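Participant: Coordinates only, no sequence provided:
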């Protein structure tokens, strides 16, 4: 590949916001999709995570494609549900779990990348477990937490993993750029959801 596995997402982040500073739905989802190849490299350890993230992105893409003008801005999907009083509903809700689950999955990955940068002596299992504890664990019940712990025992060898995602670029530099840029968007997204009391919902 040209550059590292992070190269496409770094370019994509330049287009996440409109000239007016609003979060654009399609570019944001595209950047999230560009991170999926990283999850791929984890193999079976992240199979369920990738499936969940891919499914959630696909659902939001279908929502966007149903009316690209109406859903040009990511937050319009949330606002629509709030206005229709479905944001805290169940199967009819998109914003409170589909969007939120994507944000949280990205939080986990960012924290994982930070661990890889800050703790060169940690194994992949240690990096993943620590990241999980800082991000997703508090939202998971015992079953989900136990399943994740077991899955992380299947994490790949760190050295091989880094070689695979490096491509022809400087993977550490690209990872650092990603970790210094993408979290700004995630933080803004979480604050927006928090305004509607939707950011601390637990997974079902």
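Facilitator: Nice, thanks for sending it over. Predicted, not measured: the structure shown is a model, and the values here were computed from it. Numbers count the residues shown, from 1 in each chain.

Participant: give me every residue that touches the most centrally placed residue in the chain.
Facilitator: The centre of the chain sits closest to residue 106, judged by Cα atoms, centre = their mean, with a distance of 2.1 Å. Contacts for residue 106 (Cβ atoms under 8 Å, 6 or more residues apart in numbering) come out as 32, 35, 182, 186. Any C-beta I mention is one placed from the backbone N, CA and C, and that applies to glycine too.

Participant: Now flag whichever of these is closest to residue 99.
Facilitator: When the contacts of residue 106 are compared for distance to residue 99 (Cβ to Cβ), residue 32 wins out at 10.6 Å.

Participant: just checking, the closest one touches residue 101?
Facilitator: No - the criterion here is Cβ atoms under 8 Å, and residue 32 misses it with residue 101 at 11.0 Å.

Participant: re the thing from before, scan the contacts of residue 106 and report the most crowded one.
Facilitator: residue 182 (24 neighbours; other Cβ atoms under 10 Å).

Participant: buried ones in stretch 28-43?
Facilitator: Within stretch 28-43, the residues that count as buried by 16 or more other Cβ atoms under 10 Å are 28-39, 41-42.

Participant: Those in helices, which ones?
Facilitator: Secondary structure from DSSP state H places 28, 29, 30, 31, 32, 33, 34, 35, 36, 37, 38, 39 of those in helices.

Participant: hmm, back to that, can I get the contacts of residue 106 in a markdown table including pLDDT and distance to residue 196?
Facilitator: Below are the contacts of residue 106 laid out as a markdown table (pLDDT from 0 to 100; distance: Cβ to Cβ, whole Å):
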| residue | pLDDT | distance to residue 196 |
| --- | --- | --- |
| 32 | 94 | 21 |
| 35 | 91 | 26 |
| 182 | 96 | 23 |
| 186 | 95 | 17 |
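
Participant: which of these sit farthest apart?
Facilitator: By the measure Cβ to Cβ, 35 and 186 form the most distant pair in the contacts of residue 106, at 11.8 Å.

Participant: Just say helix, strand or coil for the residue nearest to the centre of the chain.
Facilitator: What DSSP: H, G, I helix; E, B strand; the rest coil gives for residue 106 is helix.
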